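In: Return a 3D structure for these sequence lines:
(one chain, ligands or ions: 1)
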Amino acid sequence: MTDAAFLTVSEVTVGYGGTTVLDRLSLSVERGEFVALLGSSGCGKTTLLRTIAGFNKPQSGSLALAGRDITRAAPDRRGMAMVFQSYALWPHMTVAQNIGYGLKLRRAPRSQIAGRVDEIAAMLGLSGLEARKPSQLSGGQRQRVALGRALAVEPDILLLDEPLSNLDARVRLGVRHEIRALQKRLGITAIHVTHDREEAMVMADRIVILDRGRIAQEGSPEEVYNRPGSPFVAAFMGAENVIALEGTVEGDSVEIASGPYNPPARLALAGRALSSGRFQARFRTEAAEILLATRLSASSDPVAEEGDEGVLHLRGTVRQTSYPGGVWRHVVAIGAAEVSVDADLAVEPGTDVVLRVPPAALFLFEAPQDGAEPISRAAA
Ligand SMILES: Nc1ncnc2c1ncn2[C@@H]1O[C@H](COP(=O)(O)OP(=O)(O)OP(=O)(O)O)[C@@H](O)[C@H]1O
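Out: Numbers count the residues shown, from 1 in each chain. The predicted structure follows:
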């Protein structure tokens, strides 16, 4: 955490009744940064956002904004505005009245409110709709009004609580880009709660992945996607195929001996701390290539092929083939394990195949205590 951080959340613990939801959580956000809080349902994303907004009081820890302690400041004294999933617009007010609501509460002069409402309506593509009530708007328009109401008060921090999840997929993509472009143009600091990985990836400068009230990992979208630090983050970022292996660590690589489902391989550790013994290899559905087993039958050791250093080859049998669109998806059985692998062409169920997982797409981690039996043996 740096002293220069705009918002600082320090060692904050928050719970409901006797249950702790956030456990000594610390987070810092820079001015102008767009941070996405990503995590599965119930991990505490909304609780963290509401704590930042001042709706939840921490049992311990502190919050500071621009160097000012706001731990006990009332929500309307924090210079923040929140946009909710449910829009939370006033149904009896017009679009203009909804957008101007925060300014009216602050007793801004009527002419100033009108000018600001016009400006925001134009910026958000709502011009011409100012006299309508929320019930006369589409979901995307309502969400833009909610965003306009938040922006009208020129908050120091914009808090977004799954604001796009009620919109249909096509509108959601559009509003996603609108919010991001606007945030960049206005230089607003934004914290956005979502459980949608792609949404977090395309909108945020930094992704904070929460797991049961703690930060599992934070980093740029590219970092958390390509260098997940734990099996939880790898799985959350889409590397859901898991193969249990056994190997011997030598320097910065791990050697696995030939087994019934794999030729020998030397896999790069790429700085990960692993010790000899059991570990797990994770990869994404789109990361592995399917090779037909017959192509490799002449070679007992495909790893020896030039340029295949660090590659994991796995022998398996296709169990299911489906077409989700664009590519063919295959369920491939490798011993007792099953993995999902995409390919441009359909491979018939029952076909023996070899999967080729390149080093950059392979994530290695310590095996969990209750992990599956490894399919490989450690090299002697
Ligand atoms: N007002 C409340 N009283 C008691 N428990 C609560 C309350 N609000 C949330 N919780 C519990 O706190 C935990 C975290 O909830 P929170 O809403 O922060 O999660 P979330 O990550 O935002 O989930 P979702 O994505 O489903 O909205 C959950 O177990 C939830 O049941």
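
In: neighbouring strands for whichever helix or strand residue 333 is part of, and are they parallel or not?
Out: Taking DSSP states H and E as the criterion, residue 333 maps to strand 327-334. Here strand 327-334 has these sheet partners by DSSP bridges: strand 312-325 (antiparallel), strand 337-343 (antiparallel).

In: The most centrally placed residue in the chain: what's it in contact with?
Out: For the chain, residue 197 is the residue whose C-alpha lies nearest the centre (C-alpha atoms, centre = their mean; 3.7 Å). Under the criterion of C-beta atoms under 8 Å, 6 or more residues apart in numbering, the neighbours of residue 197 are 38, 236-238. Just so you know, the C-beta spots here come from the backbone N, C-alpha and C atoms, and that holds for glycine as well.

In: Need the winner for burial among the strands paired with strand 327-334.
Out: Comparing those by mean neighbour count (mean count of other C-beta atoms under 10 Å), strand 337-343 ranks first with a mean of 19.

In: Tell me the first helix or strand C-terminal of that strand.
Out: From strand 337-343, the next helix or strand downstream (DSSP H and E) is strand 352-357.

In: Report all helices and strands that that next one contacts.
Out: strand 289-292, helix 293-296, strand 312-325, strand 327-334 (3 or more C-beta pairs under 8 Å, 6 or more residues apart in numbering; DSSP states H and E).

In: Any idea how far that strand is from the middle of the chain?
Out: 29 Å (C-alpha atoms, centre = their mean, to the nearest Å).

In: go on, stretch 254-261?
Out: 33 Å.

In: Give me the buried stretch members for it, please.
Out: For stretch 254-261, the neighbour count (16 or more other C-beta atoms under 10 Å) marks 254-257, 259, 261 as buried.

In: could you pick out which of those are near the ligand?
Out: Applying C-beta under 6 Å from any ligand atom, the subset of these adjacent to the ligand is empty.

In: Per-residue pLDDT of the closest residue to residue 334 other than its chain neighbours, please?
Out: Of all residues beyond its chain neighbours, the one nearest residue 334 is residue 316 (4.0 Å), with distances taken as C-beta to C-beta, 6 or more residues apart in numbering. Per-residue confidence (pLDDT) for residue 316: 95.

In: quick one: residue 316 and residue 336 touch, right?
Out: No - using C-beta atoms under 8 Å, residue 316 makes no contact with residue 336, being 11.1 Å away.

In: thinking again about what came up before, contact partners for the residue nearest to residue 334?
Out: Contacts of residue 316 (C-beta under 8 Å, 6+ apart): 261, 332-334, 339, 352-355.

In: Distance of the closest residue in space to residue 241 that isn't next to it in sequence relative to residue 333?
Out: The shortest distance from residue 241 to any non-neighbouring residue, by C-beta to C-beta, 6+ apart, is to residue 339 (4.0 Å). Using C-beta to C-beta, to the nearest Å, one obtains 8 Å as the distance from residue 339 to residue 333.
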